[in-house]
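> I'd like to go over a predicted model; first the sequence, then the structure.
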Amino acid sequence: MTKKRTARRRSGKDPARDKHFARIFSEFRGEEGDLIPILQKTQERFGFIPREAVRRIARFLKISENQIYGVASFYSQFRFTAPGRNSIKVCLGTACHVRGGQILCDAVERELDLKPGGTTEDRRYDLERVACLGCCALAPVVQVNADIHSRMTVIRLKETLDKYE
Amino acid sequence: MSKRNDKVSISIDNSPFKVGSGLTILEAAEQNDVYIPTLCAHKELTPFGGCRMCIVEVEGMRGLPTACTTPVEEGMIIRTRTRQVQAERKEILQLILSEHTSSCLICEEKDECKGFMGTIRKAGVTTGCRYCPNDRACELQDVVEKMEIREIGYPVYYRNLRVEKDDPFYDRDYNLCILCGRCIRMCQEIRTANTLAFKQRGRYTVIGPAYERTHLEAGCEFCGACVSVCPTGALAEKVSKWEGKAEREQTTTCPFCGVGCQIRLQIRGDEVLGSLPEQDTLINDGQLCVKGRFCVAEVVNNHRRLRRPYRTQNNTRRELSWNEAIDLATERLSACSAEEFGMLISPNCSNEDLYIAQKFARVVMGSHNIDTSARWFYGTGLNGYLNLTQMAVPLSDLREASVILCLGLDTRFSRSVVGVELRKAIARGAKVLTINPRHHSLSVIAEKWIQPTSGTELSLIDSLVKLTPRKAKPSRASSKATIKGLSDELLAVAEMLKGASSPMILVGSEFLQHDESPQILESIKTLAQNTGAGVLPLPAQNNLFGSILMGTYPELLPGGFSSSSRKRLADLKKIWGLKIPGLPPAWEKKMFPVDKKLKVLYLVGEVPLDTLPESEFLIVQNIYPPDPWHAGDLALPAASFAEVDGTFINGEGRIQRVRKAVHPPGEALPDWEILCRIARKMGNKGFNFSSARKVHKEISSLVKGFGNFDKPSRKASPLTCEAELFIPRAKSKTMKTADKRFPLVLNTSVVEHTHRGFLLSTWVEGARELFPEGVLEVNSEDAKKAKISEGDEVVVTSANFEKTWPVRIVSEQPQGTMHVTLRQGESVGSNPHRVRIRKKNV
């Protein structure tokens, strides 16, 4: 119950409410091709694609939840879990990969008991793998929220993450 | 691809061919017996071009196009087996195999191993590697063999996915999946059920429903179409796992509901392995529901089938020979008068069985005391239902209908071929409207879903009748309490019905056990007359029509004539060459005499229930032994539908053949033959039939439409029945007034997933999960209020009963209402019913 409440407080939006969807759907005609723009609007509004949204989109477009999930899970831009307060992005582009990006990613996964694309139980962090952050000279790179942390090591990683509440 | 008449000339592997333009290269090659390996192509599905096995060389084209997606063109020069093409195919196949367990495909010892696979032990055992349930029924194996792959040059990667065994009827091992997408195209294009989709991408791609849901949660209909098209062992039917390929097929009619789908029984030796749909354009067109697809093998081929006659005396069971059994039956029946005899036959039996049964009762016993369980199922609504069947239109009319109103119809697990037709109709622009108090399979796809609150079903349909222009005179004063302030939804539905050029009404089972069902059915009839809509009732019993036409009711003679008609009785007398009694006065105004003790009660394809009349001697003739608590006195083993010849009549009035596919187990015999043997033993003439064909011939002299046994006309023709069945008036209702003590409304329906009196869930493992009989479905809010959680035992109390049921929480169940499916013979009095609930032992 408390978890639910904090989540609601954070996003300030309850996906069970009709008005959000009424607003999102009002821009569309309910054709199959509207699916991706609707998913984008939904993610914009809630920060992720809640199950309730998939259910309602299915009703609106008259296509099944399974198809919607199939489409949405194909694109990495859509996520199905609520984002954490801090988002960690571990770069696994060529340069970062060579300098041990995967080891950093594994460390985060182990330390926070988190899978890429997931959020910790206390919603403090969420984790994503990204292909390149565009600062290969600083590899390996970890981005937390808007901050780029360069030449990251496993030991420094923990200290860095602790700074973000 | 459209096939036009004009031909193009092409060359495949240096041989010239003339093929229809609009074909793909693959189709053209297949027509001319040129082999091109394929994995993802399937004749029922649109081309996909996913597996790349069908690449060919086309002169003048860049690269190697896939044959399944490239249309033929005039003068095309195609080469299918050049060295380059073969090398590329081998490479691609090896890449596919690098993610597929390949021990069944590539093994040095394979050829030598084969000779030693069968070993003799106590039971037959097959040794050797068997990693996959579809071994030897696998298309991948065929392609690997044809491509002569001997080794895989890539590191083998095992995906280590969990084998999904949670769902009934089929298992899914996606480690064997080659992502050809056939199952998905089947589910989306043909079934339009949309349960399956590709999830994720790249090497993480898997197939399945949204999130980590099981198929049951995702709304799967378990039609098994995906299993049929899977080229590997990724999708495997539980019941025929490890069985290998069928040796032969037999087309017959599915016995599990009144739609009457044509099925192809898969047979190996003398055993039914399973069933697949027939491409029968009149009805199922390559589709089936879960019952026809998965339940057949387990019902027919069950080790608990009744094999020999036996007698139960002082709680001991003694097996008899047929002669002893018939002597015993003869002795008891000879000592029984017409008044003290009763026979109950299942409307699942074939016409031949039904005909002989009523002839047996009337000629041998001189009694009209014969009835079917349909009378219990339809209760007070039986006459209304029969009236609707007299207006039945063919199912194929759905393909032209512009507006389709579905009343109390749920197509998820039963009649789901109708659901497929409805979804196709929506795709071509027809409007589907549904009236159903509960959440059902059509609620998502329908244009309008009208959800009547419990108790207002009749007034809702009556309002619709009033909103449509009156053509037929209402035969009764429609109920006064039409819904006040008609909802916009209802007005819209009425408008659509009025404006439609070819409307159609489908009637499911939801309202049939309702207290007001006679009035509801009558209103449906008026509505159909007002709007000019075709009506199609979809009965749950596969041969309800047959039972009426064969006359297995006290009030009816063969041909649907009234048994009080002296003229008809005289006609019958001539044909049967015997004296037939008139209707006994005591029976004229009664249904089966529940209150009277009979001397002999004979059940054909029915099971003993507490609600049946008591009898001194009970004969049970069925495919399964009766349960030990109601063992009866004499059990006779009958042959199942897969083991007999005969005919069924489906809900549209089509006469359809049932064909013998395998031999009955043990000493079981067809129902008609057992009855004939007893009749002959009792010294009666007119029962010398050597086959069902002969019985059919006699029926054809009495009943219109019957004729050619091998090729029945199969023309849909509405029922003709001149007599009304006698139905006692229902007693007063307890529903009208709200009562504070009983805040909830309980709706009941009677189980329709039965075959020959047995619940399908008794004999079919998977059916137990799908058909919740005796489970109380409660709204989640109501459950929260009563502090009930899933699976709890709940005591339901009303003014006249108290019962305990396990609970299933269904968020879609309307608040304040509950639903339970009652087993046959179970009753709670009125329906709907005001009740209260509490958790047991609290």
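Everything's here; your move.

> tell me the SS of the residue of the stretch 501-650 of chain B found nearest chain A?
Distances between the stretch 501-650 of chain B and chain A by C-beta to the nearest C-beta are smallest at residue B:506, namely 19.7 Å. All C-beta spots, glycine's among them, are computed from the backbone N, C-alpha and C. The three-state assignment at residue B:506 reads strand, by DSSP: H, G, I helix; E, B strand; the rest coil.

> close enough to count as contact, it and residue B:539?
No. With contact defined as C-beta atoms under 8 Å, residue B:506 does not reach residue B:539; the gap is 11.9 Å.

> before we move on, which element is the residue of chain A most remote from its centre in?
In terms of distance from the mean C-alpha position of chain A, residue A:29 ranks first, at 27.6 Å (C-alpha atoms, centre = their mean). For residue A:29, there is no enclosing helix or strand under DSSP states H and E.

> and the next helix or strand past the worst-scoring helix or strand of chain B on mean pLDDT?
Ranked by mean pLDDT, DSSP states H and E, the weakest helix or strand in chain B is helix B:585-588, scoring a mean of 46. Of the helices and strands lying after helix B:585-588 in sequence (DSSP H and E), the nearest is strand B:598-604.

> can you give me the mean pLDDT across that following strand?
Strand B:598-604 shows a mean pLDDT of 92.

> neighbouring contacts of that strand?
Contact with strand B:598-604 is made by B:332-333, B:335-337, B:340-346, B:349, B:353, B:357, B:612-622, B:632, B:638, B:671, B:675, B:757, as judged by C-beta atoms under 8 Å, 6 or more residues apart in numbering or on different chains.

> then stretch A:98-109?
For stretch A:98-109, the external contacting residues (C-beta under 8 Å, 6+ apart) are A:88, A:90-93, A:114-116, A:127, A:129, A:139-142, A:152, A:154, A:157, A:161.

> make it 7 Å
Residues from elsewhere that reach stretch A:98-109 (C-beta atoms under 7 Å, 6 or more residues apart in numbering or on different chains): A:88, A:90-92, A:114-115, A:127, A:129, A:139-140, A:142, A:152, A:154, A:157.

> let me have those in CSV, extended by secondary structure.
Output for those, formatted as CSV (three-state DSSP):
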residue, secondary structure
A:88, strand
A:90, strand
A:91, strand
A:92, coil
A:114, coil
A:115, coil
A:127, strand
A:129, strand
A:139, coil
A:140, coil
A:142, strand
A:152, coil
A:154, helix
A:157, helix
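
> closest to residue B:696 among these?
Comparing those against residue B:696 with C-beta to C-beta picks out residue A:115 as the nearest, at 65.8 Å.

> surely residue B:345 touches residue B:372?
Yes. Assessed by C-beta atoms under 7 Å, residue B:345 is found in contact with residue B:372 at 5.6 Å.

> now the common contact residues for those two.
With C-beta under 7 Å, 6+ apart, residue B:345 and residue B:372 have common neighbours residue B:552.

> what residues are up against whatever residue of chain B ends up closest to chain A?
The nearest approach of chain B to chain A comes at residue B:197, 2.9 Å away (C-beta to the nearest C-beta). Residue B:197 makes contacts with A:66, A:67, A:69, A:70, B:184, as judged by C-beta under 7 Å, 6+ apart.

> neighbour-wise, give me the winner out of those.
Scoring these on neighbours with other C-beta atoms under 10 Å in any protein chain shown, the highest-scoring entry is residue A:66 at 28 neighbours.

> gap between it and residue A:39?
For residue A:66, the distance to residue A:39 equals 15 Å [C-beta to C-beta, to the nearest Å].

> quick one on the thing from earlier: please indicate which of the contacts of strand B:598-604 are buried?
Using 16 or more other C-beta atoms under 10 Å in any protein chain shown as the burial test, those include B:332-333, B:336, B:340-346, B:349, B:353, B:357, B:612, B:615, B:617-622, B:632, B:638, B:671, B:675, B:757 as buried.

> after the strand or helix carrying residue B:784, next one along is what?
Here residue B:784, judged by DSSP H and E, is contained in helix B:780-785. Using DSSP H and E, the helix or strand that follows helix B:780-785 in sequence is strand B:793-798.

> sorry, back to before: neighbours around the residue of the stretch 501-650 of chain B closest to chain A, how many?
27.

> domain assignment for chain A?
Domain assignment for chain A by automatic domain parsing gives A:3-74, A:86-162.

> the last one: how far from the chain's middle?
Read it as domain A:86-162. Here domain A:86-162 is found 14 Å from its chain centre; the criterion is C-alpha atoms, centre = their mean, to the nearest Å.

> quick one: terminal-to-terminal distance for it?
11 Å (C-alpha to C-alpha, to the nearest Å).

> report how many residues lie close to residue 78.
As the question left the chain open, I've gone with chain A. Applying other C-beta under 10 Å, we find 18 residues neighbouring residue A:78.

> actually, chain B is the one I wanted.
Applying other C-beta under 10 Å, we find 24 residues neighbouring residue B:78.

> give me the mean pLDDT for the helix or strand where it lies.
Per DSSP H and E: residue B:78 is located in strand B:77-79. Mean pLDDT, taken over the full extent of strand B:77-79, equals 95.

> that strand pairs with which strands?
Taking DSSP bridges as the criterion, strand B:77-79 forms sheet pairs with strand B:7-12 (parallel), strand B:57-58 (antiparallel).

> about what we covered before: who touches the helix holding residue B:784?
B:744, B:807, B:809, B:811, B:815, B:816.

> distance between it and the chain's centre?
Relative to its parent chain, helix B:780-785 has a centroid offset of 34 Å by C-alpha atoms, centre = their mean.
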